[in-house]
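Enquirer: Mind folding the following:
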Amino acid sequence: MSVRGDRHARNHAHDHGPVASMWAAALAALTLMVPALVLIVGGNNNGRAAFDSTAYHERFIRALAESFPSFDLSNPLTATTPGYHILVATAAQFGAESTMAMRLVSMVVGCAFVATVAAWIARRTGAGLAYVFTLPLIASIYVVGSAARSAAPGCSTAGSCLRAPSRVCWRRRFRSPPRICTPGGSPAGGG
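Expert: Residues are numbered from 1 along each chain as shown. Model (predicted):
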């Protein structure tokens, strides 16, 4: 192999561009879609998250859908910002009014959320690391549960997922040897 070809192969292995972003986003979205579809199609509606979804989020979405397009936000039933609820209420106006249809819309929103996070990380670390760093987010009960029910996608763990690749990117940019950092930011094993 020529020197130029070897260099191209080495650079392609650590692709941080749009192709890496696309692959990481698609893989992350599919990884979330599978368990969410199992929960939706299986009719799983048990537990605290299901109660929260049915008692608050779904009622609020239906109330917004009834007042479409003049959304009454004066007395929301949830303690979250209403952007997600308005999106699903709008989808309900265009035919997604059954509980299962609203859950499918919620799944699409959840998949778009993890795909966006994965794409952002892939631009900084590559597709493989992006997928690895989004797995805790995808596996979070808040993200899976929200994607399978009519509840706003849980973004609470997104910050944790974005901190680690930022450290890896910083170390690569400044040519420091990579180190594993604890959540507090100090290197693992002291120091």
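Enquirer: gap between the most centrally placed residue in the chain and Tyr142?
Expert: The centroid of the chain falls nearest to Val114 when counting by C-alpha atoms, centre = their mean (2.3 Å). Remark: distance between Val114 and Tyr142 (C-beta to C-beta, to the nearest Å) = 12 Å. In this view, the C-beta of every residue, glycine as well, is placed from N, C-alpha and C.
Enquirer: List the residue ranges of the protein that fall below the pLDDT cut-off.
Expert: 1-15, 151-191 (pLDDT under 70).
Enquirer: can you give me the helices in it?
Expert: Along the chain, the segments classed as helices by DSSP state H run 3-13, 18-41, 47-52, 58-66, 83-93, 99-125, 127-139, 141-148, 158-173.
Enquirer: and the fourth one, what does it pack onto?
Expert: With contacts defined as 3 or more C-beta pairs under 8 Å, 6 or more residues apart in numbering; DSSP states H and E, the secondary structure elements packing on helix 58-66 are helix 83-93, helix 99-125.
Enquirer: now do the second one
Expert: With contacts taken as 3+ C-beta pairs under 8 Å, 6+ apart, helix 18-41 sits against helix 99-125, helix 127-139, helix 141-148.
Enquirer: Reformat those as JSON lines; add distance to Leu32.
Expert: Shown next, in JSON lines, are those (distance: least, C-beta to C-beta, whole Å):
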{"stretch": "helix 99-125", "distance to Leu32": "5"}
{"stretch": "helix 127-139", "distance to Leu32": "5"}
{"stretch": "helix 141-148", "distance to Leu32": "6"}
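Enquirer: quick one: contacts for the residue nearest to Gly95 when sequence neighbours are not counted?
Expert: Using C-beta to C-beta, 6 or more residues apart in numbering and skipping the chain neighbours, the partner closest in space to Gly95 is Ala101 (7.2 Å). The contact partners of Ala101, by C-beta atoms under 8 Å, 6 or more residues apart in numbering, come to Ala91, Ala92, Gly95.
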